[in-house]
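> Below are the sequence and a predicted model; questions follow.
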Amino acid sequence: MMKGTIIKKPIISEKATAQSEKMNRFTFAVDTKANKIEIKNAVEKMYGVHITEVRTMNYGGGKSSTKYTNRGVVEQRSKQWKKAVVTVADGETIDLFNNF
(Lines give C-alpha, C1' and ligand atoms only; values in the text may rest on other atoms or scores of the structure.)
Protein backbone atom coordinates (compact mmCIF):
# COMPACT_ATOMS: atom_id res chain seq x y z
CA MET A 1 0.00 0.00 0.00
CA MET A 2 1.31 3.45 -0.86
CA LYS A 3 2.30 5.63 2.10
CA GLY A 4 0.49 8.77 0.90
CA THR A 5 -2.88 7.08 0.70
CA ILE A 6 -2.94 5.55 4.20
CA ILE A 7 -3.69 8.77 6.09
CA LYS A 8 -6.69 10.53 4.57
CA LYS A 9 -7.17 13.46 6.97
CA PRO A 10 -6.85 14.44 10.63
CA ILE A 11 -10.06 14.42 12.65
CA ILE A 12 -10.50 17.65 14.59
CA SER A 13 -13.36 17.48 17.07
CA GLU A 14 -13.80 18.53 20.69
CA LYS A 15 -12.89 15.08 21.97
CA ALA A 16 -9.90 14.68 19.65
CA THR A 17 -8.57 18.14 20.54
CA ALA A 18 -8.92 17.45 24.27
CA GLN A 19 -7.06 14.14 23.88
CA SER A 20 -4.26 15.80 21.92
CA GLU A 21 -3.79 18.44 24.63
CA LYS A 22 -4.05 16.18 27.68
CA MET A 23 -2.90 12.71 26.60
CA ASN A 24 -0.74 13.40 23.51
CA ARG A 25 -3.12 11.40 21.27
CA PHE A 26 -3.99 12.41 17.73
CA THR A 27 -6.86 11.13 15.59
CA PHE A 28 -6.82 10.44 11.85
CA ALA A 29 -9.21 9.04 9.25
CA VAL A 30 -7.25 6.27 7.52
CA ASP A 31 -7.66 3.76 4.70
CA THR A 32 -9.96 0.89 5.68
CA LYS A 33 -7.40 -1.71 4.53
CA ALA A 34 -4.43 -0.25 6.45
CA ASN A 35 -3.16 -2.11 9.52
CA LYS A 36 -1.62 -0.64 12.68
CA ILE A 37 1.99 -1.07 11.53
CA GLU A 38 1.32 0.72 8.22
CA ILE A 39 -0.51 3.53 10.05
CA LYS A 40 2.37 3.92 12.53
CA ASN A 41 4.98 4.10 9.76
CA ALA A 42 2.93 6.58 7.72
CA VAL A 43 2.37 8.97 10.66
CA GLU A 44 6.04 8.77 11.71
CA LYS A 45 7.17 9.53 8.16
CA MET A 46 4.63 12.31 7.56
CA TYR A 47 5.07 14.21 10.84
CA GLY A 48 8.55 13.14 12.01
CA VAL A 49 7.49 11.88 15.44
CA HIS A 50 7.76 8.57 17.32
CA ILE A 51 4.52 6.65 17.86
CA THR A 52 4.13 4.51 20.99
CA GLU A 53 0.60 3.15 20.46
CA VAL A 54 -2.00 2.86 17.68
CA ARG A 55 -5.70 2.18 18.24
CA THR A 56 -8.09 1.62 15.34
CA MET A 57 -11.87 1.65 15.03
CA ASN A 58 -14.10 0.69 12.10
CA TYR A 59 -17.30 2.63 11.48
CA GLY A 60 -20.25 2.32 9.13
CA GLY A 61 -21.30 -0.40 6.76
CA GLY A 62 -24.58 -1.17 8.49
CA LYS A 63 -28.13 -0.25 7.60
CA SER A 64 -28.25 3.52 7.51
CA SER A 65 -31.59 4.70 6.20
CA THR A 66 -34.78 3.57 4.53
CA LYS A 67 -36.23 5.51 1.62
CA TYR A 68 -39.74 5.16 0.28
CA THR A 69 -39.58 5.54 -3.51
CA ASN A 70 -41.86 4.80 -6.43
CA ARG A 71 -39.98 1.51 -6.84
CA GLY A 72 -40.75 0.51 -3.27
CA VAL A 73 -38.74 0.56 -0.07
CA VAL A 74 -34.97 1.00 -0.61
CA GLU A 75 -32.43 0.49 2.17
CA GLN A 76 -29.05 2.22 2.02
CA ARG A 77 -25.89 1.17 3.79
CA SER A 78 -23.75 3.78 5.50
CA LYS A 79 -20.25 4.50 4.24
CA GLN A 80 -17.44 2.46 5.80
CA TRP A 81 -14.45 4.30 7.23
CA LYS A 82 -11.66 3.68 9.72
CA LYS A 83 -10.35 5.89 12.49
CA ALA A 84 -6.91 5.62 14.07
CA VAL A 85 -5.90 7.17 17.40
CA VAL A 86 -2.11 7.37 17.70
CA THR A 87 -0.20 8.13 20.90
CA VAL A 88 2.94 10.20 20.38
CA ALA A 89 6.05 9.75 22.55
CA ASP A 90 6.50 12.11 25.50
CA GLY A 91 7.99 15.47 24.61
CA GLU A 92 6.82 15.31 20.98
CA THR A 93 3.70 16.74 19.37
CA ILE A 94 1.96 17.08 16.01
CA ASP A 95 0.81 20.54 14.92
CA LEU A 96 -2.32 19.74 12.91
CA PHE A 97 -3.43 23.35 12.49
CA ASN A 98 -0.27 24.74 10.79
CA ASN A 99 0.97 21.62 8.95
CA PHE A 100 -0.90 21.52 5.62
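Cool, got the structure.
> Sticking with the residue nearest the centre of the chain, tell me its helix or strand.
Using CA atoms, centre = their mean, the residue of the chain that lies closest to the mean C-alpha position is Ala29, 2.3 Å off. Per DSSP states H and E, Ala29 falls inside strand 25-30.
> and after that strand, which helix or strand comes next?
Along the chain past strand 25-30, the next helix or strand (assigned with DSSP H and E) turns out to be helix 36-47.
> Now do the strands in this protein.
For the chain, applying DSSP state E gives strands covering 7-10, 25-30, 51-59, 63-69, 72-77, 81-88.
> measure stretch 71-87 end to end?
Stretch 71-87 has its terminal residues 49 Å apart, counting by CA to CA, to the nearest Å.
> Touching it from outside, list them.
Judged by CB atoms under 8 Å, 6 or more residues apart in numbering, the contacts made with stretch 71-87 from elsewhere in the structure are 11, 19, 23-32, 34, 36, 39-40, 43, 51-68. Placement of C-beta: from N, CA and C, glycine included.
> Now, of those residues, which are buried?
Neighbour counting with 16 or more other CB atoms under 10 Å marks 11, 19, 24-28, 30-31, 34, 39-40, 43, 51, 54 as buried within the contacts of stretch 71-87.
> now, which of those residues sits nearest Glu92?
Of all the buried ones among the contacts of stretch 71-87, the one with the least separation from Glu92 (CB to CB) is Asn24, at 7.7 Å.
> With adjacent residues omitted, what lies nearest to the closest one?
Once flanking residues are discounted, Asn24 sits nearest to Val88: 5.0 Å by CB to CB, 6 or more residues apart in numbering.
> Identify the bridge partners of the one you found.
Each beta-bridge partner of Val88 is listed here, defined by DSSP bridges: Ile51.
> how many neighbours does it have?
The burial metric for Val88, expressed as a neighbour count using other CB atoms under 10 Å, is 21.
> now the protein, which segments are flagged as low pLDDT?
The model of the chain has pLDDT under 70 over residues 1-4, 99-100.
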